[in-house]
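Student: Quick one, structure for this:
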Amino acid sequence: MNYDYSQGFKEMAVRKMMSPATDNITQLCRELGIARTTIYKWKKELTGKKEIKEKSPRKWKLDSKFEAFLEAANEGKKHIGKWLRKHGLKSVHIEKWGKELRYMVNNDKDKLKRLEKENRKLKKELKKLKRLLNKKNKTIAEMEALEELKKKYLEFLEEEGLKPEENRKEE
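Tutor: Next up, the predicted model:
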């Protein structure tokens, strides 16, 4: 039968074939549902055009590692080997990624505790600054009220024909 496979599928199949994790190409072909001759033909076509490199598990992004770790955990012990071969991984990768993820989670907990402590400290400082600002605003309002009273007092004295200096001497 002649099937029309996508370019992406062909590249993925050849990458898996060339992966050091794959030691049985016949088994890989069975899993992918293709003939051995087909995968060798694809390899010849693709390597003639460009270099196909397996993306090393060390170069995987964090989200890909996390997804792979979760998938592997869901596979169970019976099917984990097949899953690892399918993804071109070794059990060491999954174990290492699990340790990395646990380390990151634990560090995030410590970081979260530090941030919460800092947040409480900043809230206290903000509350203190708000009280101080409120006190200053009241003082400014009182000063403005006193200025207004002083103006009115001077206007009153002026209307009465008195000088402010004379009034002070009498007090």
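
Student: Verify the stated contact: A72 with K82.
Tutor: No. In this structure, A72 is not within contact of K82 by CB atoms under 8 Å, at 11.2 Å. C-beta: built from backbone N, CA, C; applies to glycine.

Student: Look at these two and report which has more neighbours.
Tutor: Neighbour totals were compared for A72 and K82, and A72 leads with 21 against 12 (other CB atoms under 10 Å).

Student: so what's that one closest to, chain neighbours aside?
Tutor: Using CB to CB, 6 or more residues apart in numbering and skipping residues adjacent in sequence, the residue nearest A72 is I94, 4.6 Å away.

Student: what number of residues lie near that neighbour?
Tutor: Around I94 there are 22 residues (other CB under 10 Å).

Student: Under the pLDDT cut-off, which ranges of this protein? List them.
Tutor: 1-2, 48-56, 165-171 (pLDDT under 70).

Student: Can you list the residue ranges for helices in it?
Tutor: 7-18, 25-32, 36-49, 62-87, 91-160, 164-170 (DSSP state H).

Student: Mean neighbour count, those: which tops it?
Tutor: helix 7-18 (a mean of 16; mean count of other CB atoms under 10 Å).

Student: Tell me what angle it forms with helix 36-49.
Tutor: 100 degrees (axes from the mean of the first three to the mean of the last three CA atoms, to 10 degrees).

Student: Distance from the chain centre to helix 7-18, please.
Tutor: 31 Å (CA atoms, centre = their mean, to the nearest Å).
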